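# Have a look; sequence and predicted model below, questions after that.
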Number of protein chains: 4
Amino acid sequence: MKKIKVGIIGTGFIGPTHIEAIRRLGFVEVVALAETSQEQAETKAAELGISLAYEDYREMLKNDEIQVVHNCTPNHVHFAINKDIILAGKHVISEKPLAMNSEESAELLTLAKTKDVVHGVNFNYRQHASVQNLHAMISSGDLGKVNLVHGSYLQDWLLYETDFNWRLAPEVGGKSRAIADIGSHWCDTVQYVTGKKIVEVFADLATVIPVRKKAISGSNTFSAVNHEEQEYEDVAINTEDYASVLVRFEDGSRGVFTVSQVSAGRKNRLSFEIDASKSSVFWNQEEPEKLWIGHRDKPNEILLADPSLFSVEAKSAIHHPGGHNEGWPDALKNMMLNFYTFVREEKSLKTDKPNFATFEDGHLSMCITDAILDSHQQQKWVKVKQEKEVYS
Amino acid sequence: MKKIKVGIIGTGFIGPTHIEAIRRLGFVEVVALAETSQEQAETKAAELGISLAYEDYREMLKNDEIQVVHNCTPNHVHFAINKDIILAGKHVISEKPLAMNSEESAELLTLAKTKDVVHGVNFNYRQHASVQNLHAMISSGDLGKVNLVHGSYLQDWLLYETDFNWRLAPEVGGKSRAIADIGSHWCDTVQYVTGKKIVEVFADLATVIPVRKKAISGSNTFSAVNHEEQEYEDVAINTEDYASVLVRFEDGSRGVFTVSQVSAGRKNRLSFEIDASKSSVFWNQEEPEKLWIGHRDKPNEILLADPSLFSVEAKSAIHHPGGHNEGWPDALKNMMLNFYTFVREEKSLKTDKPNFATFEDGHLSMCITDAILDSHQQQKWVKVKQEKEVYS
Amino acid sequence: MKKIKVGIIGTGFIGPTHIEAIRRLGFVEVVALAETSQEQAETKAAELGISLAYEDYREMLKNDEIQVVHNCTPNHVHFAINKDIILAGKHVISEKPLAMNSEESAELLTLAKTKDVVHGVNFNYRQHASVQNLHAMISSGDLGKVNLVHGSYLQDWLLYETDFNWRLAPEVGGKSRAIADIGSHWCDTVQYVTGKKIVEVFADLATVIPVRKKAISGSNTFSAVNHEEQEYEDVAINTEDYASVLVRFEDGSRGVFTVSQVSAGRKNRLSFEIDASKSSVFWNQEEPEKLWIGHRDKPNEILLADPSLFSVEAKSAIHHPGGHNEGWPDALKNMMLNFYTFVREEKSLKTDKPNFATFEDGHLSMCITDAILDSHQQQKWVKVKQEKEVYS
Amino acid sequence: MKKIKVGIIGTGFIGPTHIEAIRRLGFVEVVALAETSQEQAETKAAELGISLAYEDYREMLKNDEIQVVHNCTPNHVHFAINKDIILAGKHVISEKPLAMNSEESAELLTLAKTKDVVHGVNFNYRQHASVQNLHAMISSGDLGKVNLVHGSYLQDWLLYETDFNWRLAPEVGGKSRAIADIGSHWCDTVQYVTGKKIVEVFADLATVIPVRKKAISGSNTFSAVNHEEQEYEDVAINTEDYASVLVRFEDGSRGVFTVSQVSAGRKNRLSFEIDASKSSVFWNQEEPEKLWIGHRDKPNEILLADPSLFSVEAKSAIHHPGGHNEGWPDALKNMMLNFYTFVREEKSLKTDKPNFATFEDGHLSMCITDAILDSHQQQKWVKVKQEKEVYS
């Protein structure tokens, strides 16, 4: 069996999770990585068991064996690198956001279409087996007409004023934080599930901690550190810790969501309830295998992920019998499985429907973020603008 | 022991629950009730074991033995009856809303103050033991500074287009439905718990089912009826099935809540999360004994209601050892216990702090509802107006 | 309306809860109480709003107005008092256990039958609305044939060696503790629900804390006390903190349960799972309104107590719409409602089927306890003996 | 980097899950598989992306490149194959049970020690991050002295009489079914977590469905099939669907567990509660990231798996930030990671302590199963026999 060959750019937190997910497939091989220096690249390559190490990703893009490249770098370099990957004629999987604004993402989308590469963006939450099954349930009309969507995405890693991270700096993380980082996942997931686009928003944003204390020696995301005896400098924060956004979908149905990075005890709690004309559903990413289904005339249901109880369309998203909990790494694996199966079958996004988020979804996400920021500034409802020509 | 004597006006669903709650106290006696006809009054009096039956509540108000009167009638007569009770110099417990608009409720509040009667409004959810305990936790600073409040109040009793009830008619139920009926409870509870008033709102309302089918023979709230072979007439609906409201509290902190009466499987789900600077909490009225307490640096907690684990201030709200589930009827009993203890101790609202919602809270509730309706119409942020002189 | 008149013997923890439950009914009046001294009786009578105070319950039994007497005393005097109540020709509700052993309880049962009084024992957990509904579901065959029953009843109030209480002394509490106190509730509830009697047992008992420290100044059950500076004496404990019991039902189906009073964090957790040929169910007293229903071929269900979703037979056990949580006090009220309705309708246990536990159930409970103690001593399976003549 | 080379024997359900788990590590390469025919072997090799395909595993064992072999075959050939692997001097990971009885497993253990190969048995549940953390908590004394352990392992895949599978035939699956298949996992997990061995048992076993209907055309485990129009033959069943077992640990502490394969709605529910002198814990494999920690004097806790909240010893078992659900595949990966790290570091079981279950654990498991079967037959307490010389 000839395996699809892959290169990875960036090996911070998310790069290695891509690599591990890819390896589970069996028909794809990670042959190269690129880092910011040759030394760093070689260290990581040895650690991760990868043959080729590049200090310049542009060199890696010249390697003809490599068919697919993953962009796992920080936000502010996404645009330039995505552009280079596409121009090199490689298929691409990018971390979100695709770029720093919707003009850039529109450019990338156009370019990717022109070059006819397969393009994916890592909106992984839609890849959970239960989310796939919910998508199938709604498509088939099981729940009736979707009327309302409400939920939240809550984290606590920025709860304390001493929490600091590159994502807090607009020039690296972008002008939006909570909305761009996690609100984008919420919107992608509910749009995927309901099959409806968000077209108008009203937003209220807040920076709950307007001045943070940056440790002078560096920062430690996602870890418990002894903060005593640490020296800090004050940094004014311009991006939001919190937002609540009223939304309207393309068919006039309503929704609302809240994002926060300062909700103690909520580690990564993306959740939503969908109220439809027959039944309702609730899903929470921290218990991804459970789908609550609410009824008026009979007991409510808890569907524990189980291939024997899933819709035909969702069976390929679940890989073990019921009760064998699949989680976040398995959703990421599904993303990779769907993307690489598409590539292996030599499909084209011009003609074939993908079962993963593409740059089209990535661009829509940026347009929604722009509309939300705009609405907050203007304190009025704002329509989501998508450059129509991109889709023609 | 001389018992406090009480009369009840209205014996539909809520009247008998008041009576039962009062009887649990032991030092209060329901001696009379008033209904819309002598026959109805006597039937109900016999059924409920009450001595005196009146066809005109005004006659009942002349009974000098009666010290306290409960207004358990439909919304559209609340104002007139509350006014009569106060003018008769009786203490009063009214179901909410106090009246049909905030001008009327302001008038009632002024009058009640003038006559120096003890006035209560049945915002019962703040009376749950766990809510009382949460109030104490926040007051004492256990959670730190409250930054965010978000939640919802969801029901499903109006899910189907064939669901019909007097509350749907604005002339009986009032110009707001979901907000006035259940949103008012959400706002009262979170304001009580946080100790902060809502001062500004932005609202999005929707009538999900704009035309309902009214059964020609009548309606049956809260019951499963065979709808087949039933004849219906179309009725246009002008009140909201759904609303989402962005709110700002007096200290600038933010919040958002959603109300819906069309969320299948949600029977009476008032819930909220409060994110504070140290910890978060979540409470859900359908599991009233559980308080989730979220932390960043240690495991989250589930505080199952338990006098031995409660704050000193909250111990009087819980009446059994941990694990002996107290619920909705016990919260109502707490309302009555607090109100009648206040009366028994001959306290006055002029000088003493009550541990129950008064007409002041009932009036504030109406002002918030008015602001929400106003915001939805104008599509902009609206300040909650309270006639300041009322409080002087 | 002429109300049924009632006297109460014993006003510790459980007596007042009986009084409050009775008062909710409206057609029953507590007119008297008896305590161990006139002073104590009068203090309690004033506190609880009861007219008559007796220092000798035998005097109270001479009061002809009183039709029903509640025995709310400590275990070691249950037998003598129950006997006196019956001999006085009064209907009786006794706290469990009925007596100190099954010979005594057999005598009481025979006597109660002879005198044709209505006799009830306070097995309250079968009175939860969801338990009543489950009983109806199983009776009607909804779950298929019951094959397995397993569960536990866990508490933590005796976790520490410094926890002490009269129930620990065999001469007051009886020779069994965990089994008699809480195991009896578990057995009653599952036998009621399944309609099957336990006929054989194999038991393993343990005294986890064989020597306890008794505070020299007294004990405080169910409360958090500062134990520092307290002086203690060592007391050897002869009753079980823990037991696990394998059981066989009359039709050969199997079960097992565990009881413990040393399970930290479990306050009053009576729970059981019933596995039947079509579906399973799980119920937990700490979340009494939820009934989990397990299925093989469709999603599992959570039936939140709701009159509109309940069996016809169970509707009378629930008094509010879905989502209005009813708990422990409401189960006790149901016990009283069923008992007093039986009395009001002048039914006889000779001819009418009660919907409450009688002395027959109370006696069976004692026989099971005896068999469990016997099995543990002999380390073999022991049959539950019931004196057959009692039932003839 | 030179990768460790691996061969797999058997590619049914569990073989491919081993392969996928291994691939995630990055430093191990699956180079060969063996199946029951050359055709089958080649088909599977192509499908799974593996280079070498053998029809006789003995040929594969001659391949000197292969250092480690996985035994993923049905139970009745485990012994012979394990023996061959060890005799070939390869390190071995075997599915459980190691053999068909404890004499065979003793022989394997002795042989493996003699040949000094690294031997692992796939008791994967102890590899869940939360289980690892719980192990560390108990080892460090956080919970105090462990007094009681109780729980169950429930499944529903054999609920219906039409459910049939090779595991039901004693000559293939072994003389015990529910105990050997799933009870063994329960025992291994709680022994691992508490650090205490089970030394004595009293068991009650039952075959709930004594005659099953075997589909004439074959069986389909773990799938929902339309059973209509299917023809069946009756097959008498001699292995248990259910067992409850009282256990005693080496230090005299008590426990009990129930296993069942006929509990509707329970897909793979291994759960246990451990009651210790300070605190209790509850863990349920269907929600593997949640650890409930019960307390007497403070609220109970829910520890959602999170590296920043874990013990130092458990951090290596968790690979993502809190809220990024890891599940069953991740526990299996941990098993492989620990085993292969041990191999990579050239450790020996003679001198180094493994963090995975070895043949010693696999042999102990067989001894417990034998004692349970023995106890059920004799209806008395039976001691677990382990040939002592094995451990010398």
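The structure has been received and is ready for your questions. It should be emphasised that the depicted structure is a prediction, and the values quoted were computed from it without experimental measurement.
# how about stretch A:241-250: buried residues?
Neighbour-count burial for stretch A:241-250 flags A:D241, A:Y242, A:A243, A:S244, A:V245, A:L246, A:V247, A:R248, A:F249 (criterion: 16 or more other C-beta atoms under 10 Å in any protein chain shown). All C-beta spots, glycine's among them, are computed from the backbone N, C-alpha and C.
# how deep is A:K380 tucked in, by neighbour count?
14 (other C-beta atoms under 10 Å in any protein chain shown).
# Go ahead and confirm it touches A:V201.
No. A:K380 lies out of contact with A:V201 (C-beta atoms under 8 Å); the separation is 10.2 Å.
# can you count the residues close to A:G252?
Neighbours around A:G252, by other C-beta under 10 Å: 11.
# separation between it and chain D?
According to C-beta to the nearest C-beta, to the nearest Å, A:G252 and chain D sit 33 Å apart.
# Buried residues, the worst-scoring helix or strand of chain A on mean pLDDT. List them.
When the helices and strands of chain A are scored by mean pLDDT, DSSP states H and E, helix A:170-173 comes last with a mean of 80. Buried residues in helix A:170-173, counting neighbours by 16+ other C-beta under 10 Å, are found at A:G173.
# C-terminal to that helix, what's the next element?
Next helix or strand after helix A:170-173 toward the C-terminus (DSSP states H and E): helix A:178.
# Contacts only, for A:K333.
A:A21, A:R24, A:L25 (C-beta atoms under 8 Å, 6 or more residues apart in numbering or on different chains).
# Export those as CSV, with columns for neighbour count, distance to D:E301 and secondary structure.
Shown next, in CSV, are these (neighbours: other C-beta atoms under 10 Å in any protein chain shown; distance: C-beta to C-beta, whole Å; DSSP: H, G, I helix; E, B strand; the rest coil):
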residue, neighbour count, distance to D:E301, secondary structure
A:A21, 23, 32, helix
A:R24, 22, 33, coil
A:L25, 20, 38, coil
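# closest to chain D among these?
Among the contacts of A:K333, A:R24 lies closest to chain D (C-beta to the nearest C-beta), at 5.0 Å.
# need the contact list for that closest one.
The contact partners of A:R24, taken as C-beta under 8 Å, 6+ apart, are A:K333, A:M336, D:E20, D:R23, D:R24.
# Could you tell me which residues of the stretch 1-150 of chain A lie near chain B?
Applying C-beta under 8 Å from any C-beta of the partner chain, we find that the stretch 1-150 of chain A lies next to chain B at A:N147, A:L148, A:H150.
# quick one: low-confidence parts of the stretch 201-350 of chain A?
A:218-229 (pLDDT under 70).
# contacting residues around the closest residue to A:K96 other than its chain neighbours?
Setting aside the residues directly before and after it, A:K96 is nearest to A:V121 in space (C-beta to C-beta, 6 or more residues apart in numbering or on different chains), at 5.2 Å. Shown in contact with A:V121 (C-beta under 8 Å, 6+ apart): A:I93, A:S94, A:E95, A:K96, A:L98, A:A357, A:T358, A:F359, A:D361, A:G362, A:S365.
# Could I have the ChimeraX command that selects the buried members from the residues you listed?
Selection command for ChimeraX covering only the buried members of these, criterion 16+ other C-beta under 10 Å:
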select /A:93,94,95,96,98,357,358,359,361,362,365
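# ok, back up a step: show only the entries of the contacts of A:R24 found in helices.
A:K333, A:M336, D:E20, D:R23 (DSSP state H).
# Quick one: the strands in the stretch 251-392 of chain A, in order.
A:254-260, A:269-276, A:280-284, A:290-294, A:300-304, A:382-383 (DSSP state E, counting those that start in this stretch).
# I'd like to know which residues of the stretch 51-200 of chain A are adjacent to chain D.
Near chain D, when you scan the stretch 51-200 of chain A using C-beta under 8 Å from any C-beta, you find A:Q155, A:W157.
# Please enumerate the helices of the stretch 51-200 of chain A.
Ranges of helices within the stretch 51-200 of chain A are A:57-61, A:78-87, A:102-115, A:129-139, A:170-173, A:178, A:184-194, based on DSSP state H, counting those that start in this stretch.
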